[in-house]
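# Output the structure for:
(chains A and B)
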Number of protein chains: 2
Amino acid sequence: MSNYSKMEVDPPKELLKPLEIPNKILMGPGPSNCSQRVLRSLGNQVIGHLHPEMFKLMDDIKAGIQYAFQTKNKLTLALSTAAHGGMEACLGNLIEPGETVLIAKCGIWGERAANMANRIGARIEFLTTEYGIGFDLDILESFLKRFKPAAVFVVQAESSTGMKQPLEGVGNLVHRYNSLLIVDCVASLGAEQLFVDAWKIDAVYACSQKVLGAPAGITPISFSPLAVEKIFNRRTNVSTYYWDMKILGDYWNCFGNPRIYHHTISATLIYGLREALAELTEEGLRARWSRHASVAIKMREELLKRGFRLYVKNPKYQLSTIVSIEIPNGVDVKMLSARAMERYGVEISGGLGPTVGKILRIGLMGNNSTYRHVDLLLDALDDALKFSTKSKM
Amino acid sequence: MSNYSKMEVDPPKELLKPLEIPNKILMGPGPSNCSQRVLRSLGNQVIGHLHPEMFKLMDDIKAGIQYAFQTKNKLTLALSTAAHGGMEACLGNLIEPGETVLIAKCGIWGERAANMANRIGARIEFLTTEYGIGFDLDILESFLKRFKPAAVFVVQAESSTGMKQPLEGVGNLVHRYNSLLIVDCVASLGAEQLFVDAWKIDAVYACSQKVLGAPAGITPISFSPLAVEKIFNRRTNVSTYYWDMKILGDYWNCFGNPRIYHHTISATLIYGLREALAELTEEGLRARWSRHASVAIKMREELLKRGFRLYVKNPKYQLSTIVSIEIPNGVDVKMLSARAMERYGVEISGGLGPTVGKILRIGLMGNNSTYRHVDLLLDALDDALKFSTKSKM
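As a prediction, the model looks like this:
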């Protein structure tokens, strides 16, 4: 039938070589390592996206995410995207063209949210704070009064600086001004205290690949009843089918309707996330919070002993997942990272966005939040520093 | 610090039970089974989304996708979404608000594309054909003349009916009317002939979980130089950050610029897709096309011997990946499917969208496109039919 007897593109030779994956200890800002249990689960044969066993796994995951978020929100599920999709789904479902979103900005993630909000025709106002310092309720209230936003976007863990934004009281204040609160907890879920219902958060998303310790590509997300009301009373369609929560919520059986086919969910990622949430359940959320807090304290103590300066000075803004330190004078970060990887198999990361060339970021997340990992990281850092310092500190 | 001494949501008991995944033979319209090689690759420890080893794997995958699509397009990569995201990325990048898209409709996928195009403010025109029958070039030309669309959307494999749309000559015709051609080959890539460059296709996407035999969640996509020109000369922003190809193309090193961080790609899905593409390369694309054609012919012969009626009558519209048959009188499809699964571990699927209650769909894809699978499916079907027929055929 075809005239094309000759293939136009040859088979790629590089694909004839065997797959070789190094075993690294991921102590940057994410992803972190998966446990052997999670990795084993990924090798299970795939099943269909509409099979009863899949629906059971999705129900398990929904319950696990509700536990991790501390919410009874019915519209709770996992998006089939990276966490960036979670950000876009929250903004895209809760904001209509012409509405104002107030974005708390103190690093890269506020900028990213603005990029997305701009695409859907939102008006954008920033509540900007210095890097490493969160906003307080007084300044937030003055912005709410002035701009009357439809929604407020806040990042709990600003991974580009290592800053934690305190969230208590924020939801109540935002609601007093008839606005909705969107929270990004990508780099904090499972490590920092979070009570989605008690703190009156209307939309929240995280990721799978940091504290939870599952593979990337599937993103926990949840919407409050107030958010659901807004979604069902929009004047305009959500600009994407893929994360239109009205349809996706039916795939995940969130509204009590019959399940529908929305997209083909990844069985593999479902297995991994299910097992990661099972590990969280077995450890207990509060125990995991405590573990991350203790390990981060130990890491900071040891770094201070060595003369490093913390980038986030005020303890109330310090994260348990990412410890950021100023780069000592004369240190070449690329050489440092390369040496730590080569000699110790340990990832140490530089800055991101505004902090590139200013800080090192040390991730202590999920399976990698242990005292043993603190020791290993410090050994690697001590060695790599000697190797990568050109002049005296 | 917190007053919330009590957790508000208890740990979910269902997550304390062990994970149990049945081993099924997936002979519905997808996903299909992964090979042991692909499954083994998924258990590798994850690595970072910006590590040099990851960039090498992404390069391997790009080369593999170019081979599978038979294209030298630079803007070729894998989206971190299900295939629905591929559809939305093609439409969203190539169509601006107010522009017209002509959608060839003969099943569910044209409807789905219209749903997405509507959300981005496109004007929609349909070229509708009867289920199981493709359009020809004459009718397409009359529609191009009449509606002057900015883009034409065509599905190569309409999985809801089992129909193949012939594509030779379509691209040339579409270009003659200054339009761009978007092709969905989700249910055909690797099984049906496809020459993206020679056939002048401007945007094409597939999926990972059918003929390629990788886990779902990562989606091959490619854009022609003409499509890239349109993308870089848009008047408006693409409505989503997540699949803005201008940014994503830099993450995948498609434009010769330094790589940037766009999102955290899933190492696990990258491993699986890389190995699936390696298997395609080892078998050879043409050999895989032949295998799928032979196995589908055998399946149709055997079904006809048994007195079944094919839903797609004209051989030129018959797919090699999905064989659709009319449901015999008196057969309860749910009972039939349940019996085939229970006794043989084999998935047999009913219709989708317009064909629900009208047809059975038998998938012969990737690892499941073998004569052994034909025999197994027929054994299961023979047995299940007896069990699920209420009256004589």
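
# what number of residues lie near the residue in the stretch 251-393 of chain A that chain B sits nearest to?
The minimum distance from the stretch 251-393 of chain A to chain B, using CB to the nearest CB, falls at residue A:266 (3.2 Å). Quick note: C-beta positions are derived from backbone N, CA and C, even for glycine. Per other CB atoms under 10 Å in any protein chain shown, the neighbour tally for residue A:266 reads 31.

# Which stretches in the stretch 251-393 of chain A count as strands?
Counting by DSSP state E, counting those that start in this stretch, the stretch 251-393 of chain A has strands at residues A:322-326, A:359-363.

# Let me see the contact set for the spatially most central residue of chain A.
The centre of chain A sits closest to residue A:186, judged by CA atoms, centre = their mean, with a distance of 1.7 Å. Neighbouring residues of residue A:186 by CB atoms under 8 Å, 6 or more residues apart in numbering or on different chains: A:83, A:86, A:155, A:157, A:159, A:205, A:206, A:207, A:210.

# what do you get if the cut-off is 10 Å, keeping everything else the same?
A:29-30, A:82-84, A:86-87, A:109, A:155-157, A:159, A:205-211, A:219-220, A:321, B:264 (CB atoms under 10 Å, 6 or more residues apart in numbering or on different chains).

# Over to it. Which of the three states is it?
Three-state call for residue A:186 (DSSP: H, G, I helix; E, B strand; the rest coil): coil.

# any chance you could map the strands in the stretch 1-150 of chain A?
A:75-79, A:100-105, A:123-128.

# Save these as a markdown table, and put in distance to residue A:44, mean pLDDT and mean neighbour count too.
Formatted as a markdown table, those follow (distance: least, CB to CB, whole Å; pLDDT from 0 to 100; neighbours: other CB atoms under 10 Å in any protein chain shown):
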| stretch | distance to residue A:44 | mean pLDDT | mean neighbour count |
| --- | --- | --- | --- |
| strand A:75-79 | 17 | 98 | 25 |
| strand A:100-105 | 41 | 98 | 24 |
| strand A:123-128 | 44 | 98 | 17 |
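
# With respect to burial, which of the strands of the stretch 251-393 of chain A scores highest?
strand A:359-363 (a mean of 27; mean count of other CB atoms under 10 Å in any protein chain shown).

# Against which helices or strands is that one packed?
helix A:285-305, strand A:322-326, helix A:333-344, helix A:371-388 (3 or more CB pairs under 10 Å, 6 or more residues apart in numbering or on different chains; DSSP states H and E).

# got the angle for the third one vs helix A:371-388?
Just to be clear, that refers to helix A:333-344. When axes from the mean of the first three to the mean of the last three CA atoms, to 10 degrees is applied, the directions of helix A:333-344 and helix A:371-388 differ by 120 degrees.

# Okay, buried residues for helix A:333-344 please.
Buried residues in helix A:333-344, defined by neighbour count with 16 or more other CB atoms under 10 Å in any protein chain shown: A:333, A:336, A:337, A:339, A:340, A:341, A:344.

# what do you get for stretch A:53-62?
Of the residues in stretch A:53-62, A:54, A:57, A:58, A:60, A:61, A:62 count as buried by neighbour count, 16+ other CB under 10 Å.

# where does the first one land on pLDDT?
On the pLDDT scale, residue A:54 is placed at 98.

# how much space is there between it and residue A:142?
Separation of residue A:54 from residue A:142 (CB to CB, to the nearest Å) stands at 48 Å.

# Show me where the stretch 101-250 of chain A has its helices.
A:108-119, A:137-147, A:170-176, A:225-232, A:245-251 (DSSP state H, counting those that start in this stretch).

# Residues in contact with the fourth one: which ones?
With CB under 10 Å, 6+ apart as the contact definition, helix A:225-232 has outside contacts at A:72-75, A:90, A:93-96, A:150-151, A:175, A:180-182, A:200-204, A:223-224, A:238, A:244-246, A:249, A:254-255.

# do the same with the second one
Taking contacts as CB under 10 Å, 6+ apart, the residues outside helix A:137-147 that touch it are A:100-102, A:104, A:123-127, A:129, A:134-135, A:149, A:152, A:154, A:166, A:168-170, A:172-174, A:176-179.

# Go through the buried residues of helix A:333-344 and say which is closest to residue B:50.
residue A:337 (11.2 Å; CB to CB).

# ok, the closest one - contacts?
By CB under 10 Å, 6+ apart, the neighbours of residue A:337 are A:28, A:346, A:347, A:348, A:349, A:350, A:360, A:380, A:384, A:388.

# Residues of the stretch 251-393 of chain A that sit close to chain B?
Those residues of the stretch 251-393 of chain A that sit near chain B, judged by CB under 10 Å from any CB of the partner chain, are A:261-272, A:274-275, A:277-286, A:289, A:316, A:341, A:347, A:349, A:352-353.

# now do 8 Å
Residues of the stretch 251-393 of chain A lying close to chain B (CB under 8 Å from any CB of the partner chain) are A:261-269, A:271-272, A:274-275, A:277-278, A:281-282, A:284-286, A:347, A:352.

# Narrow these to those that are buried.
Buried among these by 16+ other CB under 10 Å: A:262-269, A:271-272, A:274-275, A:277-278, A:281, A:285, A:347, A:352.

# Can you add pLDDT and give the contacts of residue A:337 back as CSV?
As requested, the contacts of residue A:337 are exported to CSV (pLDDT from 0 to 100):
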residue, pLDDT
A:28, 96
A:346, 97
A:347, 97
A:348, 94
A:349, 94
A:350, 94
A:360, 96
A:380, 97
A:384, 95
A:388, 91
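
# which of these lies closest to residue A:16?
The closest of these, once distances to residue A:16 are taken by CB to CB, is residue A:347, at 29.5 Å.

# for chain A, which spans come out with low pLDDT?
For chain A, the stretches flagged by pLDDT under 70 are A:1-5, A:391-393.

# care to break it down by domain?
A:25-32+A:284-391, A:36-281 (the TED database).

# Show me which of those domains has the highest average neighbour count.
Of these, domain A:36-281 is the most buried (mean count of other CB under 10 Å), at a mean of 22.

# OK, contacts around the residue nearest to residue A:74 when sequence neighbours are not counted?
Closest residue to residue A:74 apart from its sequence neighbours, by CB to CB, 6 or more residues apart in numbering or on different chains: residue A:254 at 5.0 Å. Each residue near residue A:254 by CB under 8 Å, 6+ apart is listed here: A:62, A:74, A:75, A:76, A:77.

# returning to that earlier point: wait, the residue of the stretch 251-393 of chain A closest to chain B touches residue B:273, no?
No. With contact defined as CB atoms under 8 Å, residue A:266 and residue B:273 do not form a contacting pair (11.3 Å).

# for the residue nearest to residue A:76 when sequence neighbours are not counted, what are its contacts?
Among residues not flanking residue A:76 along the chain, residue A:222 sits closest, at 4.1 Å (CB to CB, 6+ apart). Residues near residue A:222 by CB under 8 Å, 6+ apart: A:65, A:66, A:69, A:71, A:73, A:75, A:76, A:77, A:196, A:203, A:204, A:205.
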